[in-house]
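**Student:** have a look at this fold, sequence not included:
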């Protein structure tokens, strides 16, 4: 199973970005998909996650400014981020809890995509 992120980059304060993460490989079902972020030298923190029934949770730091969504047919999760602030600068990692056809449930991570908010 692989998770591949895209959509990171440089954006000005107040701007918007949309991150995407596609899961591929031997997948029976995806239980949870989410986004984490990490600033060098600090711990990785949760940003948002979405369950298979599309219920969602957000970190307080992004609540009201971000929307997580998923396309179950494409095994893809999106994170729309608006009103970006300098403190949103981080490497953003996709995470998924996936069940394989053999019934094994495991946690997977993408390689990360850099988001830089700067003028």
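**Tutor:** Happy to help now that I have it. No experiment lies behind these values; they were computed from the predicted model shown. Numbers count the residues shown, from 1 in each chain.
**Student:** does the residue of the chain positioned farthest from its centre count as helix, strand or coil?
**Tutor:** In the chain, the residue that sits farthest from the middle, by CA atoms, centre = their mean, is residue 102; the gap is 25.6 Å. Following DSSP: H, G, I helix; E, B strand; the rest coil, residue 102 is assigned to coil.
**Student:** quick one, phi psi at it?
**Tutor:** According to degrees, to the nearest 10, the main-chain angles of residue 102 amount to phi -80, psi 0.
**Student:** any idea which element the residue most central in space within the chain lies in?
**Tutor:** For the chain, the residue nearest the mean C-alpha position is residue 35 (2.7 Å; CA atoms, centre = their mean). Using DSSP states H and E, residue 35 sits within strand 29-38.
**Student:** and if you look at residue 67?
**Tutor:** Per DSSP H and E, residue 67 falls inside strand 66-71.
**Student:** neighbouring strands for whichever helix or strand comes after that strand, and are they parallel or not?
**Tutor:** Using DSSP H and E, the helix or strand that follows strand 66-71 in sequence is strand 76-81. Sheet pairing of strand 76-81 (DSSP bridges) gives strand 17-24 (antiparallel), strand 66-71 (antiparallel).
**Student:** per-residue confidence averaged over strand 76-81?
**Tutor:** Taken as a whole, strand 76-81 carries a mean pLDDT of 98.
**Student:** hmm, who's touching it?
**Tutor:** By CB atoms under 8 Å, 6 or more residues apart in numbering, the residues outside strand 76-81 that reach it are 16-23, 33-35, 47-48, 50, 62, 65-71, 88, 92, 94, 96, 115. (Glycine included, C-beta is placed from N, CA and C.)
**Student:** related to what we said a few turns ago, will you turn the strands paired with strand 76-81 into CSV that also has distance to residue 79?
**Tutor:** Formatted as CSV, those follow (distance: least, CB to CB, whole Å):
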stretch, distance to residue 79
strand 17-24, 4
strand 66-71, 5
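**Student:** many thanks, have a good one.
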